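Undergrad: Structure of the sequence below:
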Amino acid sequence: MADPQKQLGLIGKPLSHSFSKSYFTEKFHKLGLTNYHYDLYELETINEFVPLIRHTPNLIGINVTIPYKKEVMPFLDEISPEAKAIGAVNVIKIVEDKLIGFNSDYFGFKTSLLQWIPSDWQGKALVLGTGGASLAVIAVLSDINIPYQVISRNHGHNLLTYNQLRDHDLLTTYRLVLNTTPLGMLPKIETAPDLDYQKIGSEHFLFDLVYNPASTTFMKYGQSRGAKVKNGLEMLELQAEKAWDIWTK
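TA: Presented below is the predicted three-dimensional model:
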């Protein structure tokens, strides 16, 4: 008797840049799991989420990416404590029609960051962006005691705008800069966060959660100034493996 079919997938918009389908398809092949399938589900709005769940046979799990990591939460039956604390979900497990939300971005970012910056590094961080990924980044920084300031295009509570960032000259003292926005991601690879890159130097660490292209404009600007740079591919692979653990445990 053949193994029952198991369907997984990714929701978000846009998804043309996504590595998830090829990553998991290759994983299934390596593990000899011929009954597992992974597809991309590009949703125009989050309102398409429930019909997708209802009309996709054998669905056991979903990854969630930009811009739905926060928007998907009201549709879930349960949310794990860590995802609730973070305020964002990027993994959904489906158990007997119950939708359970988790956050594997936290694990992926924390592991990747701590493997990269020196163990004795001390300093402050700038978090660029206020989306779902930024919430996991903020949670990690809080837990490992790195002070941070969030930068946004818009005014808000505990936020500074990019203009205020320049006015306060924070780049001279905040030397870990974390891009959680989609700026620089395919196809708009020429875009980058609006920083005064002349203030970047060899003491800076620039971590871009974007992974496609492998070297973003943000990273290239940093490298040209002598900064250490890292993209989001390792984080993505780590969070994907964590998602696999969630779905199959």
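Undergrad: got the residue ranges for the helices in the chain?
TA: 20-31, 49-55, 81-86, 105-116, 132-143, 162-168, 217-224, 233-248 (DSSP state H).
Undergrad: Mind listing residues that contact the second one?
TA: Where contact means Cβ atoms under 8 Å, 6 or more residues apart in numbering, the residues beyond helix 49-55 that reach it are 11, 41, 43, 59, 62, 68, 72, 75, 94, 99. Where you see a C-beta, it was placed from the backbone N, CA and C, and this is true even at glycine.
Undergrad: Distance to Phe205, mean neighbour count and mean pLDDT for the helices of the chain - can I get that in CSV?
TA: Rendered in CSV, the data for these read as follows (distance: least, Cβ to Cβ, whole Å; neighbours: other Cβ atoms under 10 Å; pLDDT from 0 to 100):
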stretch, distance to Phe205, mean neighbour count, mean pLDDT
helix 20-31, 26, 14, 97
helix 49-55, 36, 13, 97
helix 81-86, 22, 17, 96
helix 105-116, 8, 21, 98
helix 132-143, 13, 22, 97
helix 162-168, 17, 14, 92
helix 217-224, 9, 19, 98
helix 233-248, 14, 19, 98
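Undergrad: Where neighbours are concerned, which of the contacts of helix 49-55 has the most?
TA: Within the contacts of helix 49-55, most neighbours by other Cβ atoms under 10 Å means Ile62, with 27 neighbours.
Undergrad: that older thread, Leu178 is nearest to which of the helices of the chain?
TA: Nearest to Leu178, of all the helices of the chain, is helix 132-143, at 5.6 Å by Cβ to Cβ.
Undergrad: Can you name every helix or strand that the closest one contacts?
TA: Counting contacts by 3 or more Cβ pairs under 8 Å, 6 or more residues apart in numbering; DSSP states H and E, helix 132-143 is packed against helix 81-86, helix 105-116, strand 124-128, strand 148-152.
Undergrad: mind checking which of these is nearest Ser18?
TA: Closest among the helices and strands packed on helix 132-143, using Cβ to Cβ: helix 105-116, at 14.9 Å.
Undergrad: Let me see the domain layout of this protein.
TA: 6-103, 106-234 (automatic domain parsing).
Undergrad: Trp244 is nearest to which of these?
TA: Comparison of the domains of the chain against Trp244 by Cβ to Cβ identifies domain 6-103 as nearest, at 7.3 Å.
Undergrad: list the contacts for Val229?
TA: Counted by Cβ under 8 Å, 6+ apart, Val229 has contacts 205-208, 215, 219, 222-223.
Undergrad: OK, contacts around Ala2?
TA: Taking Cβ under 8 Å, 6+ apart as the criterion, Ala2 is in contact with Asn35.
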